[in-house]
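Chemist: give me a 3D structure for the following:
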Amino acid sequence: MESSGVISAAKVAELERQLAASEAARIKAETRLATSEEARTRLERMIAQLRRDKFGAKSEKSDSDQQHLPFEDVEVAEGMLAAASEAAEKALGDRKKSARAPKQNKGHLPAHLERIKRVIEPDNTLCPCGCGEMVKVGEDRSERLDVIPARFRVLVTIRPKYVCRSCNGASHAQAPAPEWLVPRGLPTEALVAHSMVSKFADYLPFYRQADIYRRQGIDLDRTMLANWTGRAAQLLQPVIDHMIASLKRSDHLQMDETIVPVLAPGTGRVRKDYLWVVLRDQRGWGGGDPPIVVFHHSRSRSGEVAQGILEGFAPGTLMVDGHPGYDILADPKKTEKPWDIAYCWTHWRRRFVKFGQDTPSPICDEMVARIAQLYAIEKTIRGKDPETRKAVRRELSKPIVDALRPWLEARLDDLSSASELTRHVRYGLKRWNGLTRFLSNGRLEMDTNGVENAIRPVPMTRKNALFAGSIEGAATWARVASLIGTCRLNAVNPEAYVAATLRK
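Modeler: Next comes the predicted model:
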């Protein structure tokens with residue numbers, strides 16, 4: 001029997017077992033709660049990011065001063081109020097004078113613009129005192145910007161025929177018919193170039209162009225405009241082939257890809273294809289080769305596609321984002337001549353920027369600040385020769401990068417392994433060799449901003465044109481985008497270039 005006030009060892013053991021089970025249940029419940037809370041936070045962050053991607057500003061600059069569309073309406077209202085105020089002051093005449101200083105013409109209109117002079121003489125140049133004709137001692141000059149709206153004209157080609165009357169018409173002469181882009185067709189090369197550039201550079205689909213032409217009494221069907229563009233793209237293919245051949249001799253390139261919707265034949269649905277982009281831009285280190293960008297259409301985003309596009313290239317260093325499809329290019333087992341892959345710091349930075357927008361984090365703030373230090377150094381060596389860039393990076397950038405890795409590894413000890421921020425940190429640590437390759441190569445940039453800027457017109461065209469009607473249409477899209485993109489990189493008017501090339 002148990003004595004009074006004494007608990008048996010068995011009872012103690014049972015109580016301890018129950019206490020341990022209760023503690024285990026509590027820990028399990030807290031773990032489930034923490035997991036659920038983390039999932040909820042992640043979902044809220046995803047929703048916030050989707051809203052920001054859909055409706056928010058796209059700039060990643062820390063202090064962007066970009067004008068937003070609503071301010072344009074405010075400025076329109078200000079202009080209306082200013083015009084009304086000036087009209088009232090003019091009606092009052094000398095009884096009321098404006099206290100505001102008049103806006104002065106800044107004289108910044110380009111010198112190459114045609115100047116049409118209009119001289120306004122006073123009604124009378126006789127002196128009111130009866131002294132006779134007054135003498136000109138100076139003039140006031142102002143310039144205003146004018147425009148002549150786009151207008152159509154008809155080029156009439158006349159080929160006179162000549163015969164010899166003495167030979168009864170046996171001898172005759174006539175100039176041969178010139179070759180035209182569209183045999184016996186309506187358009188000149190300038191009109192086709194204008195239509196191409198309007199769609200692929202100014203984001204005006206063919207049906208909108210047809211509406212614009214119709215206002216001037218010209219009925220051009222959108223299918224006709226598309227046909228003309230296809231013909232032009234086919235004739236311009238040798239130029240693109242030459243651009244590709246030039247790229248093959250380059251050992252420092254950038255590569256990226258973007259979605260292009262294409263109408264799937266026979267289904268009435270739109271499928272997701274891709275435009276791959278290869279860029280050469282040596283302006284950052286003063287290289288002598290002109291910048292070139294070439295687009296390729298593909299059904300897939302796989303690494304085999306990238307491998308096929310770069311077939312015949314001289315392997316060197318390829319700057320890309322973190323898409324795993326590029327890994328095959330650096331694998332000696334899968335690629336005969338592997339590339340040195342360099343990764344983009346902007347893509348890594350973007351992860352911390354987006355995470356910090358929804359979840360305030362000292363780690364994100366510190367990471368963005370440290371990367372900003374690297375970009376501040378890059379700004380000072382933009383356009384310098386490769387050796388100078390390499391020396392400055394080793395002296396100033398390398399200590400920042402060397403200190404960054406152990407700092408990130410220490411932060412991982414404070415983060416949950418399932419945390420989204422942990423994945424962002426490991427994204428860069430996994431690609432560390434490619435991210436730091438720029439430190440030892442003055443011909444490399446820190447990011448793929450060059451190819452991303454070249455690719456930007458494609459989403460704009462995609463937004464307005466909705467989709468390509470066929471694989472051939474997507475291929476045409478790639479060809480025209482290559483020409484227009486390369487013209488932009490070289491500060492060449494794409495419309496003038498395409499028209500002149502088609503004429504030749």
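
Chemist: which ones are touching Leu310?
Modeler: 255, 278, 318, 329, 339 (CB atoms under 8 Å, 6 or more residues apart in numbering). No exception for glycine: its C-beta is placed from N, CA and C like everyone else's.

Chemist: of those residues - the most surrounded one?
Modeler: Ranked by neighbour count (other CB atoms under 10 Å), the contacts of Leu310 have Val278 at the top, with 26 neighbours.

Chemist: surely that residue touches Met255?
Modeler: Yes: look at Val278 against Met255 with CB atoms under 8 Å: they come within range, at 5.4 Å.

Chemist: okay, and the common contacts of these two?
Modeler: Joint contacts of Val278 and Met255 (CB under 8 Å, 6+ apart) are 310, 451.

Chemist: okay, now Gly322: neighbour count?
Modeler: Count around Gly322 with other CB under 10 Å applied: 17.

Chemist: skipping adjacent residues, who's closest to it in space?
Modeler: His347 (5.7 Å; CB to CB, 6 or more residues apart in numbering).

Chemist: surely that neighbour meets His323?
Modeler: No: with contact defined as CB under 8 Å, His347 and His323 do not form a contacting pair (9.3 Å).

Chemist: what about those two, which has more around it?
Modeler: More neighbours surround His347 than the other of His347 and His323, with 19 against 14 (other CB under 10 Å).

Chemist: report the contact partners of the more buried one.
Modeler: Taking CB under 8 Å, 6+ apart, one finds 321-322, 447-448 in contact with His347.

Chemist: just confirm it is within a helix.
Modeler: Yes: assessed by DSSP: H, G, I helix; E, B strand; the rest coil, His347 belongs to a helix.

Chemist: in the chain, which ranges drop under the pLDDT threshold?
Modeler: 1-7, 37-42, 44-46, 48-84, 86-107, 169, 264-268, 461-471 (pLDDT under 70).

Chemist: so which residues of it form strands?
Modeler: Using DSSP state E, the strands of the chain run over 162-163, 172-173, 252-263, 270-280, 292-298, 317-320, 340-343.

Chemist: can you tell which of these is closest to Ser417?
Modeler: strand 340-343 (23.0 Å; CB to CB).

Chemist: CA atoms of the closest one as PDB?
Modeler: Extracted in PDB, the C-alpha atoms of strand 340-343 (Å, rounded to 0.1, in the frame of the first residue of the first chain):
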ATOM      1  CA  ASP A 340      32.000  30.100 -69.600                       C
ATOM      2  CA  ILE A 341      28.600  31.100 -68.100                       C
ATOM      3  CA  ALA A 342      28.400  34.500 -66.300                       C
ATOM      4  CA  TYR A 343      25.300  35.300 -64.300                       C
END
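
Chemist: pull up the pairing partners for it, direction included.
Modeler: strand 317-320 (parallel) (DSSP bridges).

Chemist: CA atoms only: put the strand it pairs with into CSV for me.
Modeler: Output in CSV follows, covering the C-alpha atoms of strand 317-320 (Å, rounded to 0.1, in the frame of the first residue of the first chain):
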residue,chain,number,x,y,z
THR,A,317,31.8,33.9,-72.2
LEU,A,318,28.0,34.0,-72.2
MET,A,319,26.1,36.3,-69.9
VAL,A,320,22.7,34.9,-68.9
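
Chemist: need the residues that contact that strand.
Modeler: 251-256, 310, 326, 329, 339-344, 437, 441, 443-445, 447-448, 451.

Chemist: give me the buried entries from those.
Modeler: In those, burial by neighbour count holds for 252-256, 310, 326, 329, 339-344, 437, 441, 443-445, 447-448, 451, counting by 16 or more other CB atoms under 10 Å.

Chemist: got phi/psi on Gly316?
Modeler: Main-chain dihedrals, Gly316, degrees, to the nearest 10: phi -150, psi -130.

Chemist: which residues touch the residue lying closest to it once chain neighbours are set aside?
Modeler: Nearest residue to Gly316, sequence neighbours excluded (CB to CB, 6+ apart): Asp251, at 2.8 Å. By CB under 8 Å, 6+ apart, the contact list for Asp251 reads 314-317.

Chemist: at 10 Å what do you get?
Modeler: 280, 313-318, 339-340, 443 (CB atoms under 10 Å, 6 or more residues apart in numbering).

Chemist: residue boundaries of the helices in the stretch 251-400 of the chain?
Modeler: 303-309, 345-358, 362-380, 386-392, 398-412 (DSSP state H, counting those that start in this stretch).

Chemist: and of those, who's closest to His108?
Modeler: Nearest of the helices of the stretch 251-400 of the chain (CB to CB): helix 362-380, 26.5 Å.

Chemist: what helices and strands are in contact with the closest one?
Modeler: Judged by 3 or more CB pairs under 10 Å, 6 or more residues apart in numbering; DSSP states H and E, the packing partners of helix 362-380 are helix 345-358, helix 386-392, helix 398-412, helix 420-430.

Chemist: who touches that helix?
Modeler: 60, 62, 284, 345-346, 348-357, 361, 389, 392-393, 395-397, 400-401, 403-404, 407-408, 411, 414-415, 421, 424-425, 428, 438-439, 445-447.

Chemist: could you check the angle helix 420-430 makes with that helix?
Modeler: Per axes from the mean of the first three to the mean of the last three CA atoms, to 10 degrees, the angle that helix 362-380 makes with helix 420-430 is 40 degrees.

Chemist: could I get the buried residue list for helix 362-380?
Modeler: 363-364, 367-368, 370-371, 374, 377-378.

Chemist: tell me the domain boundaries of this structure?
Modeler: Under the TED database, the residue ranges defining each domain of the chain are 186-342+466-503, 345-446.

Chemist: any idea how far apart the tips of the first one sit?
Modeler: Yep, that's domain 186-342+466-503 we're talking about. Using CA to CA, to the nearest Å, the gap from the first to the last residue of domain 186-342+466-503 comes to 15 Å.

Chemist: quick one: the helices in the stretch 401-504 of the chain?
Modeler: Going by DSSP H, counting those that start in this stretch, the stretch 401-504 of the chain shows helices at 420-430, 432-435, 449-455, 457-465, 471-489, 494-503.

Chemist: can I get stretch 224-238 as CSV, trimmed to CA atoms?
Modeler: Only the C-alpha atoms of stretch 224-238 are listed here, as CSV (Å, rounded to 0.1, in the frame of the first residue of the first chain):
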residue,chain,number,x,y,z
MET,A,224,-2.2,43.2,-97.5
LEU,A,225,0.1,45.1,-95.1
ALA,A,226,1.1,41.8,-93.5
ASN,A,227,1.9,40.2,-96.9
TRP,A,228,4.1,43.1,-97.8
THR,A,229,6.0,42.9,-94.5
GLY,A,230,6.5,39.1,-95.0
ARG,A,231,8.0,39.8,-98.5
ALA,A,232,10.3,42.4,-97.1
ALA,A,233,11.4,40.2,-94.2
GLN,A,234,12.2,37.4,-96.7
LEU,A,235,14.3,39.7,-98.9
LEU,A,236,16.1,41.1,-95.8
GLN,A,237,17.2,37.6,-94.6
PRO,A,238,20.7,37.9,-96.1
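
Chemist: ok, and what's touching that stretch?
Modeler: 181-183, 185-187, 189, 191-193, 195-196, 198-200, 205-207, 209-210, 213, 220-221, 240, 469, 472-473, 475-480, 482-483, 498-499, 501-502.
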